[in-house]
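Trainee: Sequence below, structure please.
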Amino acid sequence: MIERDKIAEYLLDEAHPDNGGKALFFLSLGFTQQEWEVLAAAFGKLALDFSVVKSVESLHGRKYVVDGELETPSCRRAKVRTVWIVDRGWEIPRLVTAYPCDD
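Mentor: Below you'll find the predicted structure:
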């Protein structure tokens, strides 16, 4: 599950005080707040195409880290790390965050 607010109001919002420059990174790749679904679809494809590199239990559920290359509107490929969680009592993973990955 990829929530609109996670993408449009956090990862693509330059004014968000806690995104640590993530918006500048994703906007530079051609993603936009208005078409946030494009980034959501790219994250979904990344999660299907690449393997989990780390899994850890947290207070809220099991977190999974997936690193991979993100397909972008600018036709460039970017290495990103995505973090997903399966909340306790749920079976569907939910996107927690994403950011550039230097690995």
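
Trainee: now the longest helix along the chain, how far from the centre of its chain.
Mentor: Counting residues, the longest helix in the chain under DSSP state H turns out to be helix 36-49. The chain centroid and the centroid of helix 36-49 are separated by 8 Å, computed with Cα atoms, centre = their mean, to the nearest Å.

Trainee: Check which helices and strands that helix sits against.
Mentor: strand 61-71, strand 77-87 (3 or more Cβ pairs under 8 Å, 6 or more residues apart in numbering; DSSP states H and E). Placement of C-beta: from N, CA and C, glycine included.

Trainee: now the helix or strand that comes right after it against strand 61-71, angle please.
Mentor: Proceeding N to C from helix 36-49, the next assigned helix or strand is strand 52-57, under DSSP states H and E. In terms of direction (axes from the mean of the first three to the mean of the last three Cα atoms, to 10 degrees), strand 52-57 departs from strand 61-71 by 160 degrees.

Trainee: Each with direction, which strands does strand 52-57 pair with?
Mentor: Within its sheet, and counting by DSSP bridges, strand 52-57 is paired with strand 61-71 (antiparallel).

Trainee: related to what we said a few turns ago, quick one: the helices and strands packed on helix 36-49 as TSV, columns for mean neighbour count and distance to L11 too.
Mentor: Listed next are those as TSV, based on neighbours: other Cβ atoms under 10 Å; distance: least, Cβ to Cβ, whole Å:
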stretch	mean neighbour count	distance to L11
strand 61-71	18	12
strand 77-87	18	10
